[in-house]
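*Asks:* build me a model:
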Amino acid sequence: MNSRVDQTIEKHDKGYNCAQAVACTYCDLVGADEGEVFKITEALGLGMGGMECTCGAVSGACVVAGLKNSTCNLEKPNSKGSSYKLSRQIVEQFLKKNGTVVCKELKGVDTGKVVRSCPDCIRDAAEILEKVLFSEE
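*Replies:* Model (predicted):
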């Protein structure tokens with residue numbers, strides 16, 4: 001697979017939030033409509049709206065993991081465990097690289113020291129997503 005990391009940055013530059021930039025770049029690879037994914041991930045940006053929670057880029061990558069992995073078995077949900085495993089891999093790799101997955105901490109809100117900029121978080125999340133979800137394809 002050719003890397004789409006640059007496309008994530010192009011989307012962010014157009015005004016997509018961090019979650020949208022990541023998730024919308026890969027939605028076609030998981031059979032999802034970009035407009036729907038855009039809406040689904042809209043409230044996940046800015047650390048879920050206020051910088052207090054998980055980085056939107058990481059959240060967007062985890063959304064793609066669910067879209068790719070879920071069996072969508074509404075009667076007997078049976079793919080949660082494997083989806084959780086993929087999300088855990090994404091979160092753990094991002095955490096290992098950056099020391100935190102919390103938007104507020106990444107942006108240095110309390111410390112004044114930026115750990116990682118939004119574009120860099122987006123790049124990291126996209127690279128990790130490609131490695132975890134698409135490296136075998």
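*Asks:* show me what the lowest-mean-pLDDT helix or strand in the chain is in contact with.
*Replies:* Sorting the helices and strands of the chain by mean pLDDT, DSSP states H and E puts helix 45-49 at the bottom, at a mean of 90. Around helix 45-49, the neighbours that count as contacts under CB atoms under 8 Å, 6 or more residues apart in numbering are 17-20, 43, 53-56, 59, 102-104. Bear in mind the C-beta positions are built from the backbone N, C-alpha and C, glycine included.
*Asks:* so which of those is the most crowded?
*Replies:* Cys55 (34 neighbours; other CB atoms under 10 Å).
*Asks:* mind checking the SS state of the nearest residue to Leu129 once chain neighbours are set aside?
*Replies:* Nearest non-adjacent residue to Leu129, counting by CB to CB, 6 or more residues apart in numbering: Ala61, 4.2 Å away. Look at Ala61: counting by DSSP: H, G, I helix; E, B strand; the rest coil, its state is helix.
*Asks:* TSV please, covering the contacts of helix 45-49 and showing distance to Val114, pLDDT and secondary structure.
*Replies:* Below are the contacts of helix 45-49 laid out as TSV (distance: CB to CB, whole Å; pLDDT from 0 to 100; DSSP: H, G, I helix; E, B strand; the rest coil):
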residue	distance to Val114	pLDDT	secondary structure
Asn17	18	97	coil
Cys18	14	97	helix
Ala19	19	97	helix
Gln20	21	98	helix
Ala43	24	95	helix
Cys53	18	93	coil
Thr54	17	96	strand
Cys55	13	97	coil
Gly56	16	97	helix
Ser59	19	97	helix
Val102	13	97	strand
Cys103	11	96	helix
Lys104	11	95	helix
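*Asks:* picking up where we left off before, tell me which residues in the least confident helix or strand of the chain are buried?
*Replies:* Residues of helix 45-49 classed as buried: 45-48 (neighbour count, 16 or more other CB atoms under 10 Å).
*Asks:* what is the nearest of the residues you listed to Leu129?
*Replies:* Gly45 (16.5 Å; CB to CB).
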